[in-house]
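# Just to be clear, the model below is a prediction. Sequence and coordinates:
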Amino acid sequence: MPPSDSTTIPDTSRSTLDPHRPEPGRPAGLLARLGLQTREQRAWAMYDWAISGMQTVILASVFQIYFASVAAAELGGSRATQAWSAANFVGAVLVAILAPILGAIADYSAAKKKFTALFMCVGVIGCFGMFFIQRGDLTLAVVTYVLALVGSTASLTFYESLLPHIASEQEVDRVSSGGYALGYLGGGLLLVLNLAWIQKPEWFGLPGAGAPPGQATLPARLAFVSVGIWWLAFAVPLFRRVREPMRMREPDEPSGLGAVRAAFTRLGETLREVRRFKHAFLMLLAFMIYNDGIQTIIKTAAAYGTELGIPQVALIGAILLVQFVGVPFAFLFGAIAGRIGPKRAIFLGLLVYTAISIVGFYMRTATHFLLLALLVGTVQGGTQALSRSLFASMVPPHKSGEFFGFYSVFEKFANIFGPLLFLVTIQLTGSSRWAILSVILFFAIGAALLNMVDVDEGRRIAQASDAELTPG
């Protein structure tokens, strides 16, 4: 029987013994051959699949369009965009405040899975609430979107903090890449299904464009509900099969502390020990900078393509192309990391992103835009997956919730400087082309900082910190 959510089992993920491994001589399935060797690893990776609809349908496409064209229709173009930006800002600030504190509480209380479930429910409630949004319902749209955004971002923080506990140092890159690959596939499939019933509602017995306003929006509103159902259904393996790591106490940590007090105590200790874990924090800084460039390309590509007159069908096709190309290439990057190391593989990804910026500078046609999407699909998932796994390998497992809370904060800061540089460059040059090219600066600075990270030393420090602990 798989352990229940409340069961705490000693963490054996860094040892050679793993009761969840396939029996010797039993043929491995496809996911096992691609790097997800154990039932626990496959169950963990399925959460990437579960939450993928939130990324593709809510954040990147259907809800973003619905927000501007329906909920904020009475505001007009620029004010609708401003409202969307404000909602994203509020969500980012809330996560930045909560993530490190709740991460430390989850570490102290052995409650990583419970916090994952809690924030998943917050996000799902947000998705279900979107069903009731009609024209002019801006407040409801902002509230439900912030709930969905905070729920998804926070639940990912606790989900990712389980990674050091379910994969050994030799497995962590391929397991993280496998999760991203499943996320791309799941998100792509759900988006295709949603676009089918939005574009051809009559195929599904749904009202079309000629219906009254309240009925005409039904296909899109059902898409938001489908994200919540998808999220809940495919998260089940994580909660059934992934073990909750045992709570470990610091050598000098007083017993009997309340969870909140202990969390703030641990946060203070970690901040005082930044120099001790300097390679993990240097990795965070490098990630924040080069991920700023990655996120800028992701969030401005469609607007840039629209500015150049690229047809909408090509823009939608590009989104789907990234999703499905990302599946094999996420696995491929995991395999490459096994040969040359995750740090060098990330360098390779940043080199391709530099080429993407150059292609974007010269882009003229829909064919060029699809080529750019193809290049993005080859490196987007792999680069981010390896960043996650490289950081996880330098994190003390007993503080993984806390450290991944910081990871989430740094990830949110990656949404600030890229758009700012983009805006300033357009104002100085009068051209979006030079703005696309300027993003190379983030890849260069991020790569320089990443080059300073001593991965072996970071891993040694994390293991030494864990060795000092006692159960309880």
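On my side now, so go ahead. Numbering: from 1, shown residues only.
# Buried residues, the helix or strand encompassing residue 369. List them.
Following DSSP states H and E, one finds residue 369 within helix 366-393. Under the neighbour-count criterion of 16 or more other Cβ atoms under 10 Å, helix 366-393 has 366, 368-393 buried. (Glycine included, C-beta is placed from N, CA and C.)
# same for it, what does it pack against?
Counting by 3 or more Cβ pairs under 8 Å, 6 or more residues apart in numbering; DSSP states H and E, the packing neighbours recorded for helix 366-393 are helix 163-166, helix 172-199, helix 278-307, helix 312-340, helix 342-362, helix 400-413, helix 455-467.
# and residue 114, which of those is closest to it?
If you check each of the helices and strands packed on helix 366-393 against residue 114 by Cβ to Cβ, helix 400-413 wins as the nearest, at 11.1 Å.
# And the contacts of stretch 201-213?
Stretch 201-213 has contacts (Cβ atoms under 8 Å, 6 or more residues apart in numbering) with 134, 135, 196, 197, 215, 216, 218, 219, 222.
# what sits against the last one?
Residues near residue 222 by Cβ under 8 Å, 6+ apart: 131, 197, 206.
# How about the second one, nearest residue that isn't a chain neighbour?
Sequence neighbours aside, residue 204 is the residue nearest to residue 197 in space, at 4.5 Å (criterion: Cβ to Cβ, 6 or more residues apart in numbering).
# circling back: okay if I get the helices and strands packed on helix 366-393 as a markdown table plus mean pLDDT, mean neighbour count and distance to residue 153?
Below are those laid out as a markdown table (pLDDT from 0 to 100; neighbours: other Cβ atoms under 10 Å; distance: least, Cβ to Cβ, whole Å):
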| stretch | mean pLDDT | mean neighbour count | distance to residue 153 |
| --- | --- | --- | --- |
| helix 163-166 | 90 | 26 | 16 |
| helix 172-199 | 91 | 24 | 14 |
| helix 278-307 | 82 | 21 | 13 |
| helix 312-340 | 85 | 20 | 20 |
| helix 342-362 | 93 | 19 | 22 |
| helix 400-413 | 76 | 25 | 6 |
| helix 455-467 | 86 | 16 | 24 |
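# before we move on, back to that, out of the contacts of residue 222, which is nearest to residue 459?
residue 131 (46.4 Å).
# Quick check: that closest one touching residue 223?
No - the criterion here is Cβ atoms under 8 Å, and residue 131 misses it with residue 223 at 9.6 Å.
# Please say which of those two ends up with more neighbours.
More neighbours surround residue 223 than the other of residue 131 and residue 223, with 26 against 16 (other Cβ atoms under 10 Å).
# Run through the residues that contact that one.
Residue 223 is in contact with 57, 62, 194, 197, 198, counting by Cβ under 8 Å, 6+ apart.
# list the contacts for the first one?
Pointing back at residue 57 there. Contacts of residue 57 by Cβ under 8 Å, 6+ apart are 63, 187, 190, 191, 194, 223, 224, 226, 227.
# Doesn't residue 170 lie inside a helix?
No - going by DSSP: H, G, I helix; E, B strand; the rest coil, the assignment for residue 170 is coil, not a helix.
# So what's the residue count around it?
Neighbours of residue 170 using other Cβ under 10 Å come to 9.
# Need the CA coordinates for stretch 33-42. PDB is fine.
Only the C-alpha atoms of stretch 33-42 are listed here, as PDB (Å, rounded to 0.1, in the frame of the first residue of the first chain):
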ATOM      1  CA  ARG A  33      13.900   4.200 -19.800                       C
ATOM      2  CA  LEU A  34      13.600   8.000 -20.100                       C
ATOM      3  CA  GLY A  35      14.800   8.500 -16.600                       C
ATOM      4  CA  LEU A  36      11.800   8.200 -14.300                       C
ATOM      5  CA  GLN A  37      12.900   4.900 -12.800                       C
ATOM      6  CA  THR A  38      10.700   4.500  -9.800                       C
ATOM      7  CA  ARG A  39       6.900   4.600  -9.100                       C
ATOM      8  CA  GLU A  40       7.600   7.500  -6.800                       C
ATOM      9  CA  GLN A  41       9.500   9.500  -9.400                       C
ATOM     10  CA  ARG A  42       6.800   8.900 -12.000                       C
END
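# Now do the same for the residue nearest the centre of the chain: helix, strand or coil?
The residue lying closest to the centre of the chain (Cα atoms, centre = their mean) is residue 156, at 6.7 Å. Put simply, residue 156 is helix when judged by three-state DSSP.
# Now it: closest residue in space, sequence neighbours ignored.
Residue 156's closest residue in space is residue 51 (Cβ to Cβ, 6+ apart), at 6.7 Å.
# Can you classify the one you found as helix, strand or coil?
The three-state label for residue 51, taken from three-state DSSP, comes out as helix.
# list the contacts for it?
120, 123, 152, 155, 156, 159, 183, 231, 235.
# What residues sit buried inside the helix or strand containing the last one?
Right, the one you point to is residue 235. Here residue 235, judged by DSSP H and E, is contained in helix 218-241. Of all the residues in helix 218-241, those buried under the rule 16+ other Cβ under 10 Å are 218-224, 226-228, 230-232, 234-235, 237-239, 241.
# Now it: average pLDDT?
Averaged over helix 218-241, pLDDT sits at 96.
# Hey, what's the angle from that helix to helix 172-199? Just curious.
150 degrees (axes from the mean of the first three to the mean of the last three Cα atoms, to 10 degrees).
# after helix 218-241, next one along is what?
Next element after helix 218-241 (DSSP H and E): strand 244-245.
# So what are the sheet partners of that next one and their directions?
strand 8-9 (parallel) (DSSP bridges).
# Which helix or strand lies directly C-terminal to the strand it pairs with?
helix 30-33.
# what's the pLDDT at residue 80?
75.
# I figured it hits residue 67, correct?
Yes - assessed by Cβ under 8 Å, residue 80 is found in contact with residue 67 at 7.3 Å.
# neighbour count winner among the two?
residue 67 (23 against 19).
# tell me the SS of that one?
Per three-state DSSP, residue 67 ends up helix.
# Number the chain from 52, please
Yes, from this point I'll number from 52; that puts the last item at residue 118.
# Settle this for me: it is touching residue 135, isn't it.
Yes - applying Cβ under 8 Å, one finds residue 118 in contact with residue 135, separated by 5.7 Å.
# For residue 258, which three-state class applies?
coil.
# So what's the residue count around it?
Neighbours around residue 258, by other Cβ under 10 Å: 15.
# For it, report the pLDDT, please.
pLDDT, read off for residue 258, is 86.
# Show the backbone phi and psi for it.
phi -70, psi 150 (degrees, to the nearest 10).
# and what of the one 4 residues further on?
Its backbone dihedrals place residue 262 at phi -80, psi 160, with angles given as degrees, to the nearest 10.
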